[in-house]
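Visitor: I would like to see how this sequence folds:
(2 chains)
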Amino acid sequence: MFDPTTSDTGTFRQLDVDEIVEELQLEDAALVQALVALRSRPRIALQERVKAITETERLERAEGVQEVIGGHVLPSLSRLALRAGAVAAILFVAALLLLATVPSVRAAFGRIMQQRFGLVLVEPDAFEAPAFTEPLEDSEVHVEERVVAPLSFEEVQARVPFSIPVPQLLPDGLELWAAHMSEYPASENTGSDSAQTQAEPQVVVVLTYKPSGDAAYDPSAALTLIVTNRTGTEGGYAVAASAEESVEVNGKPAVYARGSWQRVDENEPPDPANMVWDGNADATMLSWEADGFTFTLQGYLLGLSREEYIQIAESVK
Amino acid sequence: MFTRLYEEHLGAVFNYCLFRVGDRQLAEDLAAEAFEQAWRDRHRYDPERASFTTWLFAIARHRIVDRQRKLGQRTLIPLDGQHQDETPLPDEQVEQEAQLARLRHLVRQLPDEHQELIALKFAAGLTNRCIAELLNKSESAIGSAIYRIMQKLRQQWEEENVRSYNE
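Guide: Model (predicted):
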């Protein structure tokens, strides 16, 4: 089957006034000129929004590339997120910074304070100039990247060896928008202390909920549930240690963080050295473990309280 | 590849949506949704059935119809004016803006299927062949239909402009 993202489809451009006049064999171009003058340029916000989709393509091109992941942390979740551009880019454009263990990134973060379920607490004050100066550590790991393309929920469910837990409670107006999954062979299951052992592949499922067409939310608003069939996973989304709040989900410990990384200079790329933690941003992460799974619930521009996020988390079954 | 396709088609898809729904914010949402769906469904695209442009516009068209059905009406809000800042315009430009406003109004009065053709031809800038493929009609039928709409629209527009000038 033809794939328009990888095949040459020729080029497209809008017909201009002269071309339309010629094609329609009109004698008078005035009306055509006027109708064409009603065209409007797409605003930057739309351009950025659609470009975020293409971020997926850029990231998916990494398929098959041997990437060096240095150090003691092998972040299955962040590997997924780095590739699941549709999720990362659309939901959290310049809002969430994923912790990778690529040396340059880790150097920029400075100190990793603590692993808490699917989150990694970092010390934002320890930002340093990003550089490829930090030597790779001894336990350098090479990881084969895999593509995570958007699928339907049913398609994802058919591919995973467990019943995917989903929230039974959702804010009004949100509907499932896309599902992603990524699977890692048992041999790559480093950093997991769960009882699932190394027999089953490690699977990460990402369910993204977005406002339905007429819902009263910002178009960029989203709720994402990340499900990993492991506990004790290592790596994940980086949040500022100062934002950590210990809460409970169904009586079990969980970590809640409100805020997001923001660019210091909007003209610079979202490099860790160019990011600061904004505790007032309407972005939330809640992570916990239950029934052999690690869950991370992310909310963006939903205007929900901590208690409401916990309610959603407690409804995941 | 998708980056290039996006760059090539964004203006056309957005303007098509804007012509069809009249509201900029809604048009932006619809255009973005069309590209998102195209990305999700890209493996379903069959080049032997249609060009990528036709396929993408079919998605956009479907989203517009779906949204209009949800909202229970075909036309939502009149198209934005082009001059949106507070800077005074020269008289000549004022008259041009007024003529465009009259034209927008006349387009809005057309039957829905005629508005669809105008949006595809002039807002999106598609060829007759592409429109024919999209609407499952012959290229000559599309050309003739647009020609007739143009004749009628030009006559009405000229009448409106003369009437306004005399007033």
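Visitor: and stretch B:27-41, what's buried?
Guide: By neighbour count on 16 or more other C-beta atoms under 10 Å in any protein chain shown, the buried set for stretch B:27-41 is B:27-40. C-beta coordinates here come from the backbone N, C-alpha and C atoms, glycine included.
Visitor: out of these, show me where the pLDDT dips lowest.
Guide: When the buried residues of stretch B:27-41 are compared by pLDDT, B:Arg40 scores lowest at 78.
Visitor: returning to that earlier point: can you sort out which of the buried residues of stretch B:27-41 also neighbour chain A?
Guide: Filtering the buried residues of stretch B:27-41 for neighbours of chain A using C-beta under 8 Å from any C-beta of the partner chain leaves B:Glu28, B:Asp29, B:Ala31, B:Ala32, B:Phe35, B:Glu36, B:Ala38, B:Trp39, B:Arg40.
Visitor: what helices and strands are in contact with whichever strand or helix holds the fourth one?
Guide: Spelled out, that is B:Ala32. Remark: B:Ala32 resides in helix B:24-40, with elements defined by DSSP states H and E. Helix B:24-40 sits against helix A:44-60, helix B:2-21, helix B:52-71, with contacts defined as 3 or more C-beta pairs under 8 Å, 6 or more residues apart in numbering or on different chains; DSSP states H and E.
Visitor: most packed of those?
Guide: Of all the helices and strands packed on helix B:24-40, helix B:2-21 has the most neighbours on average by mean count of other C-beta atoms under 10 Å in any protein chain shown, namely a mean of 23.
Visitor: what angle sits between it and helix B:24-40?
Guide: Using axes from the mean of the first three to the mean of the last three C-alpha atoms, to 10 degrees, the direction of helix B:2-21 lies 140 degrees away from that of helix B:24-40.
Visitor: just confirm yes or no for helix B:2-21 near chain A.
Guide: Yes - applying C-beta under 8 Å from any C-beta, one finds helix B:2-21 touching chain A at B:2-6, B:8-12, B:14-15, B:18-19.
Visitor: ok, the residue most central in space within chain B - contacts?
Guide: Residue closest to the mean C-alpha point of chain B, counted by C-alpha atoms, centre = their mean, is B:Ala119 at 2.5 Å. Shown in contact with B:Ala119 (C-beta atoms under 8 Å, 6 or more residues apart in numbering or on different chains): B:Asn15, B:Tyr16, B:Phe19, B:Arg20.
Visitor: hmm, try it at 6 Å
Guide: Applying C-beta atoms under 6 Å, 6 or more residues apart in numbering or on different chains, we find B:Ala119 in contact with B:Tyr16, B:Phe19, B:Arg20.
Visitor: same check on B:Ala123?
Guide: Neighbour list for B:Ala123: B:Asn15, B:Tyr16, B:Phe19 [criterion: C-beta under 6 Å, 6+ apart].
Visitor: could you redo the last one with a cut-off of 7 Å?
Guide: By C-beta atoms under 7 Å, 6 or more residues apart in numbering or on different chains, the contact list for B:Ala123 reads A:Leu38, A:Arg39, B:Asn15, B:Tyr16, B:Leu18, B:Phe19.
Visitor: just B:Arg20 next, same as before
Guide: Applying C-beta under 7 Å, 6+ apart to B:Arg20 gives the contacts B:Ile64, B:Ala119.
Visitor: can you pull the pLDDT of it?
Guide: On pLDDT, B:Arg20 comes in at 90.
Visitor: any idea which helix or strand comes after the lowest-mean-pLDDT helix or strand in chain B?
Guide: Least confident helix or strand of chain B, by mean pLDDT, DSSP states H and E, is helix B:91-109 with a mean of 82. Downstream of helix B:91-109, the next assigned helix or strand under DSSP H and E is helix B:112-118.
Visitor: is the closest residue to A:Ala290 other than its chain neighbours bridged to anything, and to what?
Guide: What sits nearest to A:Ala290 in space, not counting adjacent residues and going by C-beta to C-beta, 6 or more residues apart in numbering or on different chains, is A:Lys252, at 6.2 Å. Beta-bridge partners for A:Lys252, by DSSP bridges, are A:Val249.
Visitor: count of neighbours near A:Lys252?
Guide: 11 (other C-beta atoms under 10 Å in any protein chain shown).
Visitor: that one reaches A:Phe293, doesn't it?
Guide: No - applying C-beta atoms under 7 Å as the test, A:Lys252 and A:Phe293 come out as separate, 11.7 Å apart.
Visitor: which secondary structure elements does the helix or strand harbouring A:Glu308 contact?
Guide: If you go by DSSP H and E, A:Glu308 is part of helix A:306-314. If you count contacts as 3 or more C-beta pairs under 7 Å, 6 or more residues apart in numbering or on different chains; DSSP states H and E, helix A:306-314 packs onto strand A:244-249, strand A:283-290, strand A:293-300.
Visitor: mind listing what B:Ala38 touches?
Guide: Contact analysis of B:Ala38 by C-beta under 7 Å, 6+ apart lists B:Leu56, B:Ile59.
Visitor: quick one: low-confidence ranges for the stretch 1-150 of chain A?
Guide: The model of the stretch 1-150 of chain A has pLDDT under 70 over residues A:1-10, A:54-113, A:123-150.
Visitor: from the stretch 1-150 of chain A, which residue is nearest to chain B?
Guide: Here the stretch 1-150 of chain A gets closest to chain B at one residue, A:Gln14, 2.8 Å apart by C-beta to the nearest C-beta.
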